[in-house]
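Asks: quick check, what structure comes out for this input:
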Amino acid sequence: METVLFYLFGGIALISAILVVANRRVFYSALSLILCLCSVAVLYLILKSPFIAAVQIIVYAGAIMVVFLFVIMLLDPFSSAIIRGKKASLAYIGVLLGILTVTFLYPILKSYDLAQTPKNPSFIDGGVGSVKQLGHVLFSEYLLPFEMTSVLILIAIIGVVVLAKRQASK
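Replies: Now for the predicted structure:
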C-alpha cells in the first residue's frame, strides 16, 4: 500500500512540478507549486517523518506561497504592457539552459543508487524525522547553509520591493 501511495503522490508531484514551468500564467504556476509542495509533504508522511511534513505544509505551502502570490499580484504580470514587452528569444534561452542543466545533472543523478536501503537503524525507526535529530543536524553541520538561505530570502524580498516601487513609479 505504501508503494502505491508513494508512486501516486510522486507522480502528482512530478506532474505539478512540470506544470509550474509549463503554465503560461504565473498565477496557475503558483497554484501548481502549492500542489507540488503538498504532495511532497505526503511523501514525507509516507517516509514516517511527520515533523518535516508539517513544516513543509506550514512554511512552504502556507507562508512562502502567500508571499509569492502577494508578489505576483503586486507586480501585476497580467497587464498588457508587460505581456507586449516579452521577447521570444528569452524562451529559447530558457529551453537551452534547461537542456544544459539536465545534461550536466544526468551523470550525477545516475551515479546515485536510489534503490539502496539505509543501513542506519535510526532511518528505519523514523529517527531522522524527529525534531531533536533535525535540530542537531541543522544547527551543527548545516548552520552556514541555513543562515545563507535566510540571507538570500531577505535579499530576494528587498529586490522585489525595489522592483515593485520602480514599477509603481512609472
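Asks: going forward, measure contacts and count neighbours with C-alpha atoms only.
Replies: OK.
Asks: what about the helices in this structure?
Replies: 2-22, 26-46, 50-55, 65-75, 80-84, 88-111, 121-124, 131-140, 143-169 (DSSP state H).
Asks: out of those, deepest packed?
Replies: Highest mean neighbour count of those: helix 26-46, a mean of 20 (counted as mean count of other CA atoms under 10 Å).
Asks: contacting residues around the closest residue to residue 2 other than its chain neighbours?
Replies: With sequence-adjacent residues excluded and distances taken as CA to CA, 6 or more residues apart in numbering, residue 2 is closest to residue 46, at 6.8 Å. Residues in contact with residue 46 (CA atoms under 8 Å, 6 or more residues apart in numbering) are 2, 5-6.
Asks: what about residue 58, how many residues close to it?
Replies: 14 (other CA atoms under 10 Å).
Asks: quick check: it vs residue 136, distance?
Replies: As defined by CA to CA, to the nearest Å, residue 58 lies at a distance of 21 Å from residue 136.
Asks: return the helix or strand in the chain with minimum mean pLDDT.
Replies: helix 121-124 (a mean of 46; mean pLDDT, DSSP states H and E).
Asks: re earlier: and the residue nearest to residue 2, what's its pLDDT?
Replies: Turning to residue 46, the model gives it a pLDDT of 89.
Asks: swap in residue 76?
Replies: pLDDT recorded at residue 76 is 64.
Asks: cool, the one 5 residues further on as well?
Replies: Taken from the predicted model, the pLDDT recorded for residue 81 is 53.
Asks: ok, residue 91 next?
Replies: The score at residue 91 is 68. That number is its pLDDT.
Asks: and of the contacts of residue 46, the nearest to residue 161?
Replies: Relative to residue 161, the closest of the contacts of residue 46 is residue 6; by CA to CA it sits at 39.3 Å.
Asks: show me the domain layout of this protein.
Replies: Residue ranges for the domains of the chain, per automatic domain parsing: 1-108, 130-170.
Asks: what mean pLDDT does the last one have?
Replies: Read it as domain 130-170. Averaged over domain 130-170, pLDDT sits at 79.
Asks: quick thing: my sequence starts at 7, can you match it?
Replies: Taking 7 as the first residue, the last one we looked at is domain 136-176.
Asks: how far off centre is that domain?
Replies: Relative to its chain's centre, domain 136-176 lies at 14 Å (CA atoms, centre = their mean, to the nearest Å).
Asks: for the first one, same thing?
Replies: The offset between the C-alpha centroid of domain 7-114 and the centroid of the whole chain comes to 6 Å, using CA atoms, centre = their mean.
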